[in-house]
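# got a structure for you, letters missing:
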């Protein structure tokens with residue numbers, strides 16, 4: 001099948017080809033003979049009701065010294081592309097939302113958008129777990145400092161556990177705090193993370209098993225890859241994020257991991273989320289990543305997989 005594939009992403013010149021999942025997807029598409037169009041977010045626009053983009057047909061090489069060649073930029077109708085991968089990294093701001101509106105116009109004209117624009121808008125990656133309370137530790141979402149403080153006190157007295165505080169719009173482990181009622185800086189942390197009650201925060205009971213890693217499990221059309229990348233925190237750190245200095249270790253999915261995937265997978269499939277990365281610490285779901293999930297290249301290398309090729313096969317199936 002001859003397919004034209006668009007990919008909306010950050011500048012290709014800035015990526016780390018050894019770790020970049022979007023690059024893995026491009027390699028897999030090219031191997032299948034697909035025509036690859038690279039689009040930056042700023043190149044998306046609509047003229048009247050027709051969505052357009054400034055696009056460059058791109059050839060990629062798995063070479064850290066020279067990994068791509070561009071054709072000259074050209075403006076194309078987005079709906080001329082069979083499928084479009086929305087791989088722009090957060091922040092999930094008004095510009096990101098505007099991009100989903102433009103992509104939705106292309107979707108209405110027949111392009112397959114991965115992931116579905118409406119689902120990207122509807123499902124904040126941290127709030128998404130509220131649909132699966134059976135998989136989660138106790139949590140609270142609020143921007144009220146007193147309510148957040150009460151939750152910290154409650155968790156400490158009932159479970160003798162600390163609490164993790166994180167803003168709903170964070171990524172890569174930024175602005176994450178581990179607190180308990182005895183922390184002399186609790187008040188200033190609550191003020192900081194909530195921006196003096198101007199920003200909504202998720203509070204989750206701390207999971208001690210973070211010392212064994214924050215497992216990233218990838219799902220394609222609701223089905224889990226059988227291995228996860230456990231991101232183990234650096235010494236003295238609470239965060240396992242690779243961007244925060246964590247190290248990646250491959251692990252097989254446990255029975256509990258598989259059960260969580262069975263809870264989440266059908267909802268992802270129903271919402272047109274073809275590629276997702278869920279985070280599991282110990283026995284508990286902590287986040288559902290749907291904007292630009294990573295860890296393809298690391299898992300491929302450890303287990304001799306070809307996850308991006310599996311995704312391309314899934315896209316072919318949906319286009320057939």
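Structure received. As the structure is a computational prediction, the values presented were derived from the model and not from experiment. Numbering: from 1, shown residues only.
# how far out from the middle of the chain is the helix or strand bottoming out on mean pLDDT in the chain?
Within the chain, no helix or strand scores below strand 247-252, which has a mean of 94 by mean pLDDT, DSSP states H and E. Chain-centre distance of strand 247-252: 18 Å, with C-alpha atoms, centre = their mean, to the nearest Å.
# can you give me the strands for the stretch 1-150 of the chain?
Assigned by DSSP state E, counting those that start in this stretch, the strands in the stretch 1-150 of the chain fall at 4-8, 35-39, 44-47, 50-60, 68-70, 74-77, 83-86, 112-114, 139-142.
# so which of those strands comes closest to residue 153?
Closest to residue 153 of the strands of the stretch 1-150 of the chain is strand 139-142 (C-beta to C-beta; 11.7 Å). Heads up, the C-betas are built off the backbone N, CA and C, glycines and all.
# partner strands of that closest one and their direction?
Using DSSP bridges, strand 139-142 pairs in its sheet with strand 201-205 (antiparallel).
# how far out from the middle of the chain is the partner strand?
The answer for strand 201-205 is 19 Å, by C-alpha atoms, centre = their mean.
# one more: stretch 151-159?
Distance, centroid of stretch 151-159 to centroid of chain: 30 Å (C-alpha atoms, centre = their mean).
# before we move on, what about stretch 6-20?
15 Å.
# check the separation of the first and last residues in that stretch.
Stretch 6-20 has an end-to-end distance of 17 Å (C-alpha to C-alpha, to the nearest Å).
# how about stretch 79-97?
This stretch, stretch 79-97, spans 19 Å end to end (C-alpha to C-alpha).
# centre of the chain to it, how far?
In terms of C-alpha atoms, centre = their mean, the centre of stretch 79-97 is found 12 Å from the chain centre.
# any idea how far the nearest residue to residue 122 once chain neighbours are set aside lies from residue 265?
The shortest distance from residue 122 to any non-neighbouring residue, by C-beta to C-beta, 6 or more residues apart in numbering, is to residue 271 (7.7 Å). According to C-beta to C-beta, to the nearest Å, residue 271 stands 11 Å off from residue 265.
# and if you look at residue 4?
Applying C-beta to C-beta to residue 4 and residue 265 gives a distance of 29 Å.
# mind listing the helices for this protein?
21-31, 94-108, 117-122, 145-159, 186-193, 255-270, 296-303, 307-319 (DSSP state H).
# looking at stretch 30-44 now, give me its mean pLDDT.
Stretch 30-44 shows a mean pLDDT of 98.
# again, but for stretch 67-74
Average pLDDT, stretch 67-74: 97.
# same check, this time on stretch 290-310
Averaging pLDDT along stretch 290-310 yields 97.
# check which residues of that stretch are buried.
290-300, 305, 307-310 (16 or more other C-beta atoms under 10 Å).
# that one: end-to-end distance?
Terminal residues of stretch 290-310 lie 17 Å apart, using C-alpha to C-alpha.
# distance of residue 82 from residue 306?
From residue 82 over to residue 306 the distance is 21 Å, taken as C-beta to C-beta.
# same question for residue 276.
The value you get for residue 276 to residue 306, if C-beta to C-beta is used, is 18 Å.
# coming back round to it: the least confident helix or strand of the chain to helix 255-270, inter-axis angle?
90 degrees (axes from the mean of the first three to the mean of the last three C-alpha atoms, to 10 degrees).
# between strand 247-252 and helix 296-303, how big is the angle?
Using the same axes, to 10 degrees, strand 247-252 lies at 60 degrees relative to helix 296-303.
# can you check the pLDDT for the closest residue to residue 145 other than its chain neighbours?
Sequence neighbours aside, residue 190 is the residue nearest to residue 145 in space, at 4.5 Å (criterion: C-beta to C-beta, 6+ apart). We have a pLDDT of 98 for residue 190.
# contacting residues for the residue lying closest to residue 69 once chain neighbours are set aside?
Nearest residue to residue 69 in three dimensions, chain neighbours excluded: residue 59, at 4.7 Å (C-beta to C-beta, 6+ apart). Residue 59 sits next to 30, 36, 68-69 when contact means C-beta atoms under 8 Å, 6 or more residues apart in numbering.
# ok, and the most crowded of those?
Among the contacts of residue 59, residue 36 has the most neighbours (other C-beta atoms under 10 Å), with 22 neighbours.
# low-confidence stretches in the stretch 151-300 of the chain?
Along the stretch 151-300 of the chain, segments meeting pLDDT under 70 span 173, 239-244.
# redo the strands of the stretch 1-150 of the chain as a markdown table? Include distance to residue 232.
Below are the strands of the stretch 1-150 of the chain laid out as a markdown table (distance: least, C-beta to C-beta, whole Å):
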| stretch | distance to residue 232 |
| --- | --- |
| strand 4-8 | 30 |
| strand 35-39 | 33 |
| strand 44-47 | 38 |
| strand 50-60 | 31 |
| strand 68-70 | 32 |
| strand 74-77 | 44 |
| strand 83-86 | 29 |
| strand 112-114 | 30 |
| strand 139-142 | 23 |
